[in-house]
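Chemist: 3D, please:
(2 chains)
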Number of protein chains: 2
Amino acid sequence: MNVLIVYAHPEPTSFNGAMKDLAVATLTEGGHQVEVSDLYAMGWNAVAGPADTPGTDAPRFSLAREQTLAMEQGRIAADIAAEQEKLIRADMLILQFPIWWFGMPAILKGWADRVLARGFAYLPGRKYDTGMFKGKLAMVATTTGTSADTYAPDGIDGDILTVLWPVHNGLLRYTGFDVLPPHVAYMPGREDDATRARQLQAYRTRLQTIDQTPRLFFHPAGDYGPNERLKPGVLARSGQQRNV
Amino acid sequence: MNVLIVYAHPEPTSFNGAMKDLAVATLTEGGHQVEVSDLYAMGWNAVAGPADTPGTDAPRFSLAREQTLAMEQGRIAADIAAEQEKLIRADMLILQFPIWWFGMPAILKGWADRVLARGFAYLPGRKYDTGMFKGKLAMVATTTGTSADTYAPDGIDGDILTVLWPVHNGLLRYTGFDVLPPHVAYMPGREDDATRARQLQAYRTRLQTIDQTPRLFFHPAGDYGPNERLKPGVLARSGQQRNV
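Modeler: The predicted structure follows:
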């Protein structure tokens, strides 16, 4: 596979940096090609705006409309186009980030806002089961500042799959990816070296067993009615719950 | 009340801009003081990093540690300190933004990452019921690109309260705010002028009835055990569900 790791942490010696380095080594050993977008090192611009779509004469800025036109006319900003090329090449996407305020650091959210442009990552009729990136695989690899208990279904921070729903269903499933369960290292910053080493080993094992790991469940398009709500009885029949 | 509106949209004539302007007018008419942080107009830096905490000699950058030290020693970056002063003055916070990729635009996420610094917005023992901003009120005011059906509990995008959980429970309740239900204008960009006018009127009414609007339910601290998971039986006894 060609694997793209989009990595967002300001400190190279962080646990997130170690997870990224380990993924590069493990996947390369496994015969995969790996590319890394190190957003802090790249000085990535996180803020979507008119500079993303130069060459328009629109009197007012609509992000969705300007992205669509710029993609059609081949004039999306060069830094965005370069990331889009990496995504096109990738069979698998790994988002490597620390959970800050229950989500991605702004620099990574801004990668999504800008790179996953309308006309590139979605269009009418091209979302979820018919998403643009159908056939590609994705995974979140992340760290937390608090314990696994706090992210349990009855934990005070909320189920980790609820916290990550905007990433899993939003960014990834929406654009057509199959999504692996997240690999979460819980509060490595408060653990001792032995525990941190075990956490890294667990990630290594995970990366070596991608094929055998069941994907997250999302209802297929046929389970939804014309109003994009689940058809009556679907939940009872499927016996499966969405991860919300 | 002193109300702080943190507003994130690149286009002043957008529907988000109209909601922000309407909030300023309506709240001012109601006798409140209103302050606006217009993040795009301010050229807000979204990316948390070492420049936020000048004057350290740490060999490696830990955001939480450096934020804590910088707050203790009064050397947090000036743009962050100015926003923190606004928050201290505010009795109510309104976050005004379009939902982009199931969450806040990166410029607003970066406001949270940087302004809600450790040592200012949270510390050990100071979160949720004992949060730093206890006694203050907060509300999300937002727009979507898709219909209300898609954000219904059985909608394909997921319950709007699940999508916003990282903001409601994460940013706001975590730091002690009481949280009003979100005011959501569903896909105003695809509606006609009459519908958009009705959507604005609904927001005006909402702003005039803040006192009468029930707050979102979150379990009080006493419902959680020492591991920060709900005590057995709490869900059945309370008859209330978390908004997840």
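Chemist: pLDDT weak spots in chain A?
Modeler: Counting by pLDDT under 70, chain A has low-confidence residues at A:236-244.
Chemist: mind listing the strands for it?
Modeler: Using DSSP state E, the strands of chain A run over residues A:2-7, A:33-38, A:92-98, A:137-143, A:178-179, A:183-185.
Chemist: Show me what the spatially most central residue of chain A is bridged to.
Modeler: Taking Cα atoms, centre = their mean, the centroid of chain A lies closest to residue A:95, which sits 4.8 Å from it. Counting by DSSP bridges, residue A:95 forms beta bridges with residue A:6, residue A:140.
Chemist: Contacts only, for residue A:27.
Modeler: Contacts of residue A:27 were listed using Cβ atoms under 8 Å, 6 or more residues apart in numbering or on different chains, and they are A:1, A:3, A:34, A:207. For every residue, glycine as well, the C-beta is placed using N, CA and C.
Chemist: Same check on residue A:22?
Modeler: Residues in contact with residue A:22 (Cβ under 8 Å, 6+ apart) are A:200, A:203-204, A:207.
Chemist: how near is the closest residue to residue A:200 other than its chain neighbours to residue A:86?
Modeler: For residue A:200, ignoring the flanking residues on the chain, the nearest one in space by Cβ to Cβ, 6 or more residues apart in numbering or on different chains is residue A:22 at 5.7 Å. Counting by Cβ to Cβ, to the nearest Å, the gap from residue A:22 to residue A:86 is 20 Å.
Chemist: Take the contacts of residue A:27 and write them to CSV, including distance to residue B:63 and neighbour count.
Modeler: As requested, the contacts of residue A:27 are exported to CSV (distance: Cβ to Cβ, whole Å; neighbours: other Cβ atoms under 10 Å in any protein chain shown):
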residue, distance to residue B:63, neighbour count
A:1, 32, 15
A:3, 27, 24
A:34, 26, 20
A:207, 26, 23
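Chemist: Same list, those residues, but only the ones touching chain B.
Modeler: Contacts with chain B within those, counted by Cβ under 8 Å from any Cβ of the partner chain: none were found.
Chemist: Out of those, flag the one nearest to residue A:154.
Modeler: Using Cβ to Cβ, residue A:207 is the member of these that lies nearest residue A:154, at 29.9 Å.
Chemist: And that closest one, how far from chain B?
Modeler: Distance from residue A:207 to chain B, counting by Cβ to the nearest Cβ, to the nearest Å: 25 Å.
Chemist: Tell me if I'm right that that residue and residue A:24 touch.
Modeler: No - under the criterion of Cβ atoms under 8 Å, residue A:207 makes no contact with residue A:24, lying 10.1 Å away.
Chemist: about what we covered before: now the residue nearest to residue A:200: how far from residue B:60?
Modeler: Plainly put, residue A:22 is 18 Å away from residue B:60 if you go by Cβ to Cβ.
Chemist: could you pull out the helices for chain A?
Modeler: A:15-29, A:39-42, A:63-72, A:78-89, A:106-115, A:160-163, A:165, A:193-208, A:234-238 (DSSP state H).
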